[in-house]
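Student: the sequence and its predicted three-dimensional model are supplied below.
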There are 2 protein chains.
Amino acid sequence: MKWSQAFIPTLKENPSDAEAASHRLMVRAGLMRRLGSGTYSYLPMGLIVLRKIEKIIREEMNAAGALEVLLPAIQPAGIWEKTGRLDLLKEILISYKDRSGKLNVFGATHEEVITDLVAKEVSSYRDLPKILYQIQTKFRDEPRPRFGVLRSKEFIMKDAYSFDVDNKGLDAVYKRMHDAYCRIFDRCGVKYIAVEADPGFMGGDVSHEFMAPAPCGEDKVAGKPAIELGHIFKLRTKYSKALGASFLDRLGKKRDIIMGCYGIGVNRILAAAIEQQNDKDGIIWPLAIAPYRVLVIEIDPGDKEVRNKSEWLYGELTKMGVDTLLDDRDERPGMKFKDADLIGIPIQVVIGKKGLKEGKIELKVRKTQKRSLHPVRDILDIIEKEIGSG
Amino acid sequence: MKWSQAFIPTLKENPSDAEAASHRLMVRAGLMRRLGSGTYSYLPMGLIVLRKIEKIIREEMNAAGALEVLLPAIQPAGIWEKTGRLDLLKEILISYKDRSGKLNVFGATHEEVITDLVAKEVSSYRDLPKILYQIQTKFRDEPRPRFGVLRSKEFIMKDAYSFDVDNKGLDAVYKRMHDAYCRIFDRCGVKYIAVEADPGFMGGDVSHEFMAPAPCGEDKVAGKPAIELGHIFKLRTKYSKALGASFLDRLGKKRDIIMGCYGIGVNRILAAAIEQQNDKDGIIWPLAIAPYRVLVIEIDPGDKEVRNKSEWLYGELTKMGVDTLLDDRDERPGMKFKDADLIGIPIQVVIGKKGLKEGKIELKVRKTQKRSLHPVRDILDIIEKEIGSG
């Protein structure tokens, strides 16, 4: 992508309503903008990061044997009545009466819908086990929207649900999902701590939270602030009993399906990555979820040789499948360098008149701020090596 | 994917509430299930098709220079008041008062939000032109939910918005989007007719609808029934005036941004493809959006040689990047053949004891119902050729 054709509205000043570093930097780096209280528009570069995180989650869920579905946000209130959660969650559920007078709920979570689906489609032990998941937007009338996308009214969740014939099956899938979660956070470059937790309004008896240590965290783990990234629950039969999700076992006996559920806040991984890795100049993206892995900065863009070499490098990197942003804007070098550090692309390549006179291009690693000069002919190898080692 | 590990609940009977062929077949082939009036859960195979369509749309939008964003579904009613559409669309808008008493609207479309965003971020002719788009769920209190996903309360749209300095710019991008739409429908294998249309509540003066000829169509094109797939509009300054989206031109004069908007119903492409291509036995998927391109059917799955050859072929195809479904279920051949035609995978490969004795595997093309026998060693080449010619 060429910056001149992109939509990356960076800001020099911090937004006045932003307390958390991730909130501040997501706005300043042009990743998102606030629409209303607790609602945010993702701009192109923010969305690229979200999609990269979703891809990692999807790969790990599929590898764990989970099947992706997409469930409605609009849900008949009746199924929420059956589990008792229409009343229990009334403070945060967004609901409306449709034109026929029926009460509907916007999904804050999907245990009711998925259990209702499985109740209708699964009848025998032969249909089990199953793990179903989706990556979808949830809605809630959040009492205290704050910290940008960390506590918002509308957020993207990966929610998975497992269905087993017995507790042994649940234990196995719970362990598998636990391990998949560790791989997801590792791959996204986010530090986390898994702790036993209170299942709360989800129900069930065992649950683990995956907490990300972060300065703006509202919870405490080992005395330090930490923003919940994920939460997994052994639900057992709370929902299957309420919604009639049963199966016939090998002996023809009707039994309740044993369930687990497994959530990840997709936006929260993005925000946690920024909370954990930033400095006074801006974001420091982990390579795997960076909006672009390489930023080519043209200084002296009016110079023909600079333009040619920049276009050449941008073209070669793109051909190699390295997602690259080319700062081809007609702006001062100082502003370009400031923007580069703010948006935090891991590898910066600076092409200028002075360097080219000596046949050299500068490479800067955002994380270490280390700069080095390289002959033009070596630059592709050097970048490839940097990406490989990152 | 192996069928035994998938979630493809096919049905022998037509659902009683389904009038349209696509609705009937989407339920029977296990692509979706109804949750409530006008809301549907996409099961894994339905979601794969949706994602393939989204990928085609994304590629064509990006090629046309559009940038992807993701806007909130929850929108403050205030911006809808400014354009006069809070009242105009009150019959179909889903709204709720949040805990602070503020009225919010669930986005049925996003002209207000995107124009508000651009009004705040764009100030100069140098920031223009821009095309922004998203693929996102829309909500409306549909008066007559029917035909499954063709007329539902919750649906996935690709909505794009263009911002130009003058009408000449709008004309150029309108033409570019028109052409991109043609390529999208062509690539998805859906027949369509582009007709001039009434802009209706969107406003503006010029609009074109892309209609898909289909038996259940509620509109008429050249006397024949047809379900709208897409609609593009020259909005001009209706929204930019109302929401203050202006720019300073080269002479420093403040002017309203000239807008266009461009919508595609993603679910409708899926349903239209089925409406246009089915027979008494089931769906006939176009190759580009089929949930899988190849279905390998094991008959006599208890036979060791059959199992070995099926696993071998499934493995080889997967390695070649050909998305393949392996029907490894312990079911009668008759049921497997019926299911195969119902779910409509373009290329069926039948592996049975009898054929293998002669060293042969059967290939059936779903569309033509043409069957042919091939030596085992040729089967990969033959499949590759079928895919290439399809």
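Tutor: Yep, it's here.

Student: gap between the residue in the stretch 251-390 of chain A that chain B sits nearest to and B:L248?
Tutor: For the stretch 251-390 of chain A, the residue closest to chain B is A:D330, as judged by CB to the nearest CB, at 9.1 Å. Yep, even glycine has a C-beta here, placed from its N, CA and C like the rest. Distance from A:D330 to B:L248, counting by CB to CB, to the nearest Å: 17 Å.

Student: more neighbours: which of those two?
Tutor: B:L248 (14 against 9; other CB atoms under 10 Å in any protein chain shown).

Student: that one contacts B:K254, correct?
Tutor: Yes - B:L248 is within contact range of B:K254, at 5.9 Å (criterion: CB atoms under 8 Å).

Student: up against chain B, what does the stretch 101-250 of chain A have?
Tutor: By the criterion of CB under 8 Å from any CB of the partner chain, the positions of the stretch 101-250 of chain A lying close to chain B are A:102, A:104, A:106, A:113, A:116-117, A:120-121, A:130, A:132, A:137, A:139, A:141, A:143, A:153-154.

Student: returning to that earlier point: can I take it that the residue of the stretch 251-390 of chain A closest to chain B is in a helix?
Tutor: No - using DSSP: H, G, I helix; E, B strand; the rest coil, the secondary structure at A:D330 is coil, not a helix.

Student: and the closest residue to it other than its chain neighbours, what does it touch?
Tutor: Distances taken as CB to CB, 6 or more residues apart in numbering or on different chains place A:P301 nearest to A:D330, at 5.9 Å, with adjacent residues excluded. A:P301 sits next to A:R307, A:S310, A:D328, A:R329, A:D330 when contact means CB atoms under 8 Å, 6 or more residues apart in numbering or on different chains.

Student: on that earlier part again, lowest pLDDT pick from the residues of the stretch 101-250 of chain A next to chain B?
Tutor: Among these, A:P143 has the lowest pLDDT, at 90.

Student: can I assume it is in contact with B:D98?
Tutor: No - using CB under 8 Å as the test, A:P143 is too far from B:D98 to be in contact (10.1 Å).

Student: which one of those two is surrounded by more residues?
Tutor: Taking neighbours as other CB under 10 Å, A:P143 and B:D98 compare with B:D98 leading, 18 against 11.

Student: residues near A:Q136, how many?
Tutor: 18.

Student: report the separation between it and B:I379.
Tutor: 39 Å.

Student: make a PyMOL selection of the buried ones in the residues of the stretch 101-250 of chain A next to chain B.
Tutor: Buried members of those, defined by 16 or more other CB atoms under 10 Å in any protein chain shown, are picked up in PyMOL with:
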select buried, chain A and resi 104+106+113+116+117+130+132+137+139+141+153+154
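
Student: mind listing which of the residues of the stretch 101-250 of chain A next to chain B are in helices?
Tutor: Among those, the members found in helices (DSSP state H) are A:V113, A:D116, A:L117, A:K120, A:E121.

Student: secondary structure class for the closest residue to A:I57 other than its chain neighbours?
Tutor: In space, and not counting its chain neighbours, A:I57 is closest to A:K158: 5.0 Å by CB to CB, 6+ apart. Local secondary structure at A:K158 is given as strand here, using three-state DSSP.

Student: what's A:K158 in contact with, if anything?
Tutor: If you count contacts by CB under 8 Å, 6+ apart, then A:K158 has A:E54, A:I57, A:M61, A:Y133, A:Q134, A:I135, A:G263, A:I264, A:V266 around it.

Student: adding neighbour count and secondary structure, write these out as CSV.
Tutor: Shown next, in CSV, are the contacts of A:K158 (neighbours: other CB atoms under 10 Å in any protein chain shown; DSSP: H, G, I helix; E, B strand; the rest coil):
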residue, neighbour count, secondary structure
A:E54, 16, helix
A:I57, 23, helix
A:M61, 25, helix
A:Y133, 27, strand
A:Q134, 22, strand
A:I135, 20, strand
A:G263, 22, strand
A:I264, 28, strand
A:V266, 21, helix
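
Student: may I ask which two of those residues are separated the most?
Tutor: A:E54 and A:G263 (14.2 Å; CB to CB).

Student: can you tell me the number of residues neighbouring A:G359?
Tutor: With other CB under 10 Å as criterion, A:G359 counts 11.

Student: tell me the contacts of it?
Tutor: So A:G359 contacts A:P375, A:V376 (CB under 8 Å, 6+ apart).

Student: and it, how far from A:E386?
Tutor: From A:G359 to A:E386 the distance is 20 Å (CB to CB).

Student: and chain A, what are its domains?
Tutor: In terms of domains, chain A is parsed into A:3-278, A:292-389 (source: automatic domain parsing).

Student: quick one: residues contacting A:E196.
Tutor: Contacts of A:E196 (CB under 8 Å, 6+ apart): A:V206, A:S207, A:H208, A:E209.

Student: switch to 6 Å and redo it
Tutor: By CB atoms under 6 Å, 6 or more residues apart in numbering or on different chains, the contact list for A:E196 reads A:H208.

Student: that one and A:G265, how far apart?
Tutor: When A:E196 is compared with A:G265 (using CB to CB), they lie 19 Å apart.

Student: cool, A:K304 as well?
Tutor: From A:K304 to A:G265 the distance is 48 Å (CB to CB).

Student: between the two, which is the more surrounded one?
Tutor: A:G265 (24 against 9).

Student: and the more buried one, its phi and psi?
Tutor: The phi/psi pair for A:G265 (degrees, to the nearest 10) reads phi -80, psi 110.

Student: now A:G315
Tutor: According to degrees, to the nearest 10, A:G315 has phi -60, psi -50.

Student: for A:T115, give me the pLDDT.
Tutor: A:T115 is assigned 98 on the pLDDT scale.

Student: contacting residues around it?
Tutor: A:Y239, A:L243, A:A245.

Student: A:D341 too?
Tutor: A:D281, A:G282.

Student: and A:R255, its phi and psi?
Tutor: According to degrees, to the nearest 10, A:R255 has phi -140, psi 150.

Student: how about A:I156, nearest residue that isn't a chain neighbour?
Tutor: A:V266 is the one closest to A:I156 (CB to CB, 6+ apart), at 4.1 Å.

Student: same thing with A:I361?
Tutor: A:I379 (4.9 Å).

Student: so that neighbour is in contact with A:L363, correct?
Tutor: No - contact criterion CB atoms under 6 Å: A:I379 and A:L363 do not qualify, at 7.2 Å.

Student: after the lowest-mean-pLDDT helix or strand in chain A comes which helix or strand?
Tutor: Every helix and strand in chain A was compared by mean pLDDT, DSSP states H and E; the lowest is strand A:220-221, with a mean of 85. Note on strand A:220-221: by DSSP states H and E, the next helix or strand toward the C-terminus is strand A:224-225.

Student: could I get the average pLDDT for that following strand?
Tutor: 88.

Student: ok, that strand: who's next to it in the sheet?
Tutor: Applying DSSP bridges, strand A:224-225 is found paired with strand A:220-221 (antiparallel).

Student: run the chain-centre distance for the strand it pairs with.
Tutor: 22 Å (CA atoms, centre = their mean, to the nearest Å).

Student: list the contacts of that strand.
Tutor: A:I193, A:V195, A:M211.

Student: now, which of those sits nearest chain B?
Tutor: When the contacts of strand A:220-221 are compared against chain B (criterion: CB to the nearest CB), the nearest one is A:M211, at 26.2 Å.

Student: need the per-residue pLDDT for the closest one.
Tutor: 95.
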